[in-house]
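Undergrad: Here is my input; please provide its structure:
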Amino acid sequence: FACGAFAGIVQSFIICPTEHVKCRIQAQHGKVGGDNMYSSTLQASKKILKDHGVQGLYRGWWVTLWREVPSFGVYFASYDYLKDQT
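TA: Coordinates of the predicted model:
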């Protein structure tokens, strides 16, 4: 479990900025008027960095951590258990 939980911590550092940018782009679609703030993922990342710094990219990191740590821990532990059963 511990190794999987650690993998979840490491993965949170990678996935959090990508999910943040993805959510920002998804949230802008469907607005009336078609004046989208972001035209691409790279442009969105640059704008978030410019406006909010690195902390802006990692907004929501704690929530991502709460999701990834237990799920990776359970995944690795159950995989190891089931692997030993066969």
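Undergrad: From here on, just use CA atoms for contacts and neighbour counts.
TA: Noted.
Undergrad: Hmm, Tyr75 is touching Gly4, no?
TA: Yes. Tyr75 lies in contact with Gly4 (C-alpha atoms under 8 Å); the separation is 7.1 Å.
Undergrad: When these two are compared, which one has more neighbours?
TA: Taking other C-alpha atoms under 10 Å, Tyr75 and Gly4 do not tie; Gly4 has more neighbours (19 against 15).
Undergrad: Settle this for me: that one is touching Val69, isn't it.
TA: Yes. Applying C-alpha under 8 Å, one finds Gly4 in contact with Val69, separated by 7.3 Å.
Undergrad: and Gly56, what pLDDT?
TA: The score at Gly56 is 89. That number is its pLDDT.
Undergrad: What are the buried residues along the helix or strand hosting Ile25?
TA: According to DSSP states H and E, Ile25 maps onto helix 2-28. For helix 2-28, burial by neighbour count (16 or more other C-alpha atoms under 10 Å) applies to 4-9, 11-12, 15-17, 19-21, 24-25.
Undergrad: just checking, what packs against that helix?
TA: For helix 2-28, the elements it packs on are helix 41-57, helix 61-85, judged by 3 or more C-alpha pairs under 8 Å, 6 or more residues apart in numbering; DSSP states H and E.
Undergrad: Identify whichever of these lies nearest to His29.
TA: Nearest to His29, of all the helices and strands packed on helix 2-28, is helix 41-57, at 13.3 Å by C-alpha to C-alpha.
Undergrad: And the residue nearest to Cys3 when sequence neighbours are not counted, how close does it get to Arg67?
TA: Of all residues beyond its chain neighbours, the one nearest Cys3 is Gly73 (6.9 Å), with distances taken as C-alpha to C-alpha, 6 or more residues apart in numbering. Per C-alpha to C-alpha, to the nearest Å, Gly73 is found 11 Å from Arg67.
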